[in-house]
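1. can you look at this prediction? I've put the sequence above it.
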Amino acid sequence: MKRMSQIIALAAMTGSLSIAAWADPDTATQPAASSAQMNSMRVVRDPATGELRAPNTEELKALIEAENQARSARMSARARAPQNTAADVLPAQKSVIRHGNGMVSVKLSQESLTAIKAESTPNGVRVVHAEESAASPSRMEK
């Protein structure tokens with residue numbers, strides 16, 4: 001039963017990662033539009049008393065303008081940043097890298113990718129590689 005739970009979790013994670021890759025990253029990182037609730041969470045330190053207080057209209061406008069400038073600076077920096085190409089992500093050949101701390105990492109080629117699918121069986125669900133038939137046992141069940 002534990003193995004079945006692991007297989008279902010693996011299939012769910014694969015689907016989640018696929019969906020997350022298709023999502024627009026800019027919409028996930030953009031803050032919500034300014035609202036009364038957001039404005040009530042902003043505070044300033046009163047220069048005379050040193051106490052925290054709600055900002056007045058001019059201070060609030062200055063805070064919002066500073067946030068907008070910082071956001072546009074981050075977005076322009078992201079646009080100028082070099083983007084990974086397919087060769088960087090999936091090189092033509094497998095490469096093994098040994099790091100100074102003892103960790104070993106491997107960059108795999110595109111040929112190492114396989115498609116998996118979940119199949120319903122009388123005993124539940126099983127994950128098989130797309131090139132396998134339903135009659136042959138999957139690598140995870142061996």
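-> All right, it came through fine.
2. count residues in the vicinity of Val128, would you?
-> Val128: 21 surrounding residues under other C-beta atoms under 10 Å. No exception for glycine: its C-beta is placed from N, CA and C like everyone else's.
3. buried sites along the helix or strand where it lies?
-> Using DSSP states H and E, Val128 sits within strand 124-129. The neighbour-count check on strand 124-129 (16 or more other C-beta atoms under 10 Å) flags Arg126, Val127, Val128 as buried.
4. and which of those is nearest Glu111?
-> Of all the buried residues of strand 124-129, Val128 has the smallest distance to Glu111: 19.2 Å, by C-beta to C-beta.
5. do I have it right that that closest one meets Ala115?
-> No: the pair Val128 / Ala115 is not scored as a contact, 9.9 Å apart, by C-beta atoms under 8 Å.
6. where does pLDDT dip in this structure?
-> 1-2, 4-5, 9-40, 83-89, 132-142 (pLDDT under 70).
7. in this protein, which spans are strands?
-> 44-45, 52-53, 95-98, 104-107, 116-121, 124-129 (DSSP state E).
8. which of the ones you listed sits closest to Gln6?
-> So among the strands of the chain, strand 124-129 is nearest, using C-beta to C-beta, at 9.5 Å.
9. check which helices and strands the closest one sits against.
-> Packing contacts for strand 124-129, counted by 3 or more C-beta pairs under 8 Å, 6 or more residues apart in numbering; DSSP states H and E, involve helix 2-22, strand 116-121.
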